[in-house]
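A structural model of the following input is requested.
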Amino acid sequence: MDLSINGPKEFITLYIGNFELPLVTQTTITLIITTVALIILSLVVYKNVKKRPGGFQVIVEKLVTMLYDMVEETMGRHNLKFAPFIGTLFVSSFFGSILGMTGVLRSSTADLSVTMAWALVTTGLVWYHSIKAKGFGGWLKGFTEPIVVMTPMNIVSEIAQPLSMAFRHFGNMVGGSVLTALIYGALSAVTNIVFGWLPEAVLSVFPPIFQAGIPAILSIYFDVFSGFVQAFIFCLLTMVYVGTACPPPEESEQLPDAAEPSTESGD
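Numbers count the residues shown, from 1 in each chain. Prediction:
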């Protein structure tokens, strides 16, 4: 069985001494196609918005409502501004995963550089809003809580957060691709064993009976179902981490006029 499992192909590579910098890979192509497709879809939906919506518009509005409800329940109403970011992150991850079913494109989420970039963006948001809320000194002081001896563990935990997010998403997607490829290769070997007695000329044009159906079902599971679940988990973790760094405002800030004396006459 001749089976090769490699990373994304490199189309354009920049060489700087002994250092190789891939500029355009299969992942890059998938990301560009995903971005362009989502932009076109958004424009089509925007141009066809009507006061009396049709079936497609109703579905889109329902999905947007579900997104905002989920962000509100997870992060709080004061963090609804993050809903577009969470929605973009989800559709980019999901569509980037299912494009691997084409057999021509490679799933963008099967590339660690993609999931790591998304995880670092999440970590950057967490750090930014933590520093904004507590100040730089207060943010650094948080690593010493609840006691000073916990500082090394808190630092390791902070570093492990984006790593775990990136490797979880990447590992599940690339693991599914590898498993599907192995099963596909094994079924090819079974076909050759069972029908190996046929002449070479007949065997070369013989349909791959054992390869029909099973790899397709596995691809639907790993690319569609698993892609959806992993995109949802990644977005859920993003909401939890960012929401923790953006707590709700104090009650005194929510009711600024409560302590002000009344200017109305009591007469």
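
least trustworthy helix or strand in the chain by mean pLDDT?
helix 251-254 (a mean of 42; mean pLDDT, DSSP states H and E).

where does pLDDT dip in the chain?
Confidence mapping of the chain against pLDDT under 70 gives the ranges 1-6, 191-192, 194-219, 250-267.

all helices of it, in order?
Counting by DSSP state H, the segments of the chain that form helices are 26-47, 55-75, 83-98, 112-141, 151-194, 200-204, 214-219, 226-245, 251-254.

dump those helices to JSON lines, plus distance to Gly7 and mean neighbour count.
(Each C-beta comes from the backbone N, C-alpha and C, glycine too.) Compiled in JSON lines, these are given as follows (distance: least, CB to CB, whole Å; neighbours: other CB atoms under 10 Å):
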{"stretch": "helix 26-47", "distance to Gly7": "9", "mean neighbour count": "15"}
{"stretch": "helix 55-75", "distance to Gly7": "33", "mean neighbour count": "14"}
{"stretch": "helix 83-98", "distance to Gly7": "16", "mean neighbour count": "20"}
{"stretch": "helix 112-141", "distance to Gly7": "9", "mean neighbour count": "16"}
{"stretch": "helix 151-194", "distance to Gly7": "9", "mean neighbour count": "16"}
{"stretch": "helix 200-204", "distance to Gly7": "30", "mean neighbour count": "9"}
{"stretch": "helix 214-219", "distance to Gly7": "19", "mean neighbour count": "15"}
{"stretch": "helix 226-245", "distance to Gly7": "19", "mean neighbour count": "19"}
{"stretch": "helix 251-254", "distance to Gly7": "50", "mean neighbour count": "9"}
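
could I get those helices in CSV, plus columns for distance to Val104?
Shown next, in CSV, are the helices of the chain (distance: least, CB to CB, whole Å):
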stretch, distance to Val104
helix 26-47, 9
helix 55-75, 27
helix 83-98, 13
helix 112-141, 18
helix 151-194, 14
helix 200-204, 24
helix 214-219, 13
helix 226-245, 17
helix 251-254, 53
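
wait, which of those helices is closest to Glu20?
helix 112-141 (13.6 Å; CB to CB).

between helix 83-98 and the closest one, find me the angle.
150 degrees (axes from the mean of the first three to the mean of the last three CA atoms, to 10 degrees).

helix 112-141 to helix 226-245, inter-axis angle?
Using the same axes, to 10 degrees: helix 112-141 against helix 226-245 is 20 degrees.

any idea how far helix 112-141 is from the chain center?
17 Å (CA atoms, centre = their mean, to the nearest Å).

what packs against that helix?
With contacts defined as 3 or more CB pairs under 8 Å, 6 or more residues apart in numbering; DSSP states H and E, the packing partners of helix 112-141 are helix 26-47, helix 83-98, helix 151-194, helix 226-245.

and the angle from the third one to helix 112-141?
Spelled out, that is helix 151-194. 170 degrees.

how far is helix 151-194 from where the chain is centred?
The answer for helix 151-194 is 15 Å, by CA atoms, centre = their mean.

so what does it touch, helix or strand wise?
Checking 3+ CB pairs under 8 Å, 6+ apart, helix 151-194 ends up next to helix 112-141, helix 214-219, helix 226-245.

what's the angle between the longest one and helix 26-47?
Taking the same axes, to 10 degrees, one finds that helix 112-141 is oriented at 80 degrees with respect to helix 26-47.
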